[in-house]
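**Q** The following comprises the amino acid sequence and a computationally predicted model.
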Amino acid sequence: MADCIFCKIAAGEIPSTKVYEDGQVVAFKDLEPQAPVHVLVIPKAHIASAKEITPENSAVVAHIFEVIAKIADELGLENGFRVINNCGEDGMQSVQHLHFHLLGQKKMGWPPFPQD
């Protein structure tokens with residue numbers, strides 16, 4: 001999509017601090033990290049959200065989780081990490097392009113966000 005910021009990052013039109021890239025996905029550091037390690041992992045193909053995952057495009061999600069495991073290993077997250085996907089307005093999705101947050105190098109609390 002022409003106006004999607006993550007599509008532009010994936011295409012190299014907007015600079016990012018990439019930690020991984022292959023033919024299907026790009027992973028880069030979040031500009032507003034919520035943990036010492038905060039990486040966004042996105043498919044290069046535009047999929048707006050988890051609601052748009054279909055049998056035709058779901059293989060990229062499996063690949064993303066393989067990449068997450070590789071990145072976590074490379075970044076030394078041997079004590080664990082958290083993977084978050086926000087979907088839709090109530091899910092607090094801020095960019096309408098499927099993405100997964102990889103957070104680590106700190107003890108995570110639960111619930112992850114303050115309750116109302």
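**A** Structure's in. What do you need? Owing to the predicted nature of the structure, the values given are computational and were not obtained by experimental measurement. Numbers count the residues shown, from 1 in each chain.

**Q** Could you pull out the buried residues of the lengthiest helix in the chain?
**A** Counting by DSSP state H, the longest helix found in the chain is helix 59-74. Across helix 59-74, burial judged by 16 or more other C-beta atoms under 10 Å covers 60-61, 63-64, 67-68, 71-72. Yep, even glycine has a C-beta here, placed from its N, CA and C like the rest.

**Q** and if you look at stretch 100-111?
**A** Using 16+ other C-beta under 10 Å as the burial criterion, the residues of stretch 100-111 that qualify are 100-104.

**Q** From Glu56, how far out is the closest residue to His99 other than its chain neighbours?
**A** Closest residue to His99 in three dimensions, ignoring its sequence neighbours and counting by C-beta to C-beta, 6 or more residues apart in numbering: Ile42, at 4.5 Å. As defined by C-beta to C-beta, to the nearest Å, Ile42 lies at a distance of 18 Å from Glu56.

**Q** quick one: which of the two has more around it?
**A** Applying other C-beta atoms under 10 Å to Ile42 and Glu56 shows that Ile42 carries more neighbours, namely 24 against 6.

**Q** Now do the same contact list for the more buried one.
**A** 6, 9-10, 25-27, 97-100 (C-beta atoms under 8 Å, 6 or more residues apart in numbering).

**Q** Let's verify the nearest residue to Met1 once chain neighbours are set aside: helix, strand, or coil?
**A** Once flanking residues are discounted, Met1 sits nearest to His46: 5.0 Å by C-beta to C-beta, 6+ apart. State at His46, reduced to three classes by DSSP: H, G, I helix; E, B strand; the rest coil: coil.

**Q** how far away is His46 from Ser58?
**A** The spacing between His46 and Ser58, counted by C-beta to C-beta, is 15 Å.

**Q** who's more crowded, those two?
**A** Set side by side, His46 and Ser58 show more neighbours around His46, with 16 against 11, by other C-beta under 10 Å.

**Q** contacting residues for that one?
**A** By C-beta under 8 Å, 6+ apart, the contact list for His46 reads 1, 4, 6-7, 97.
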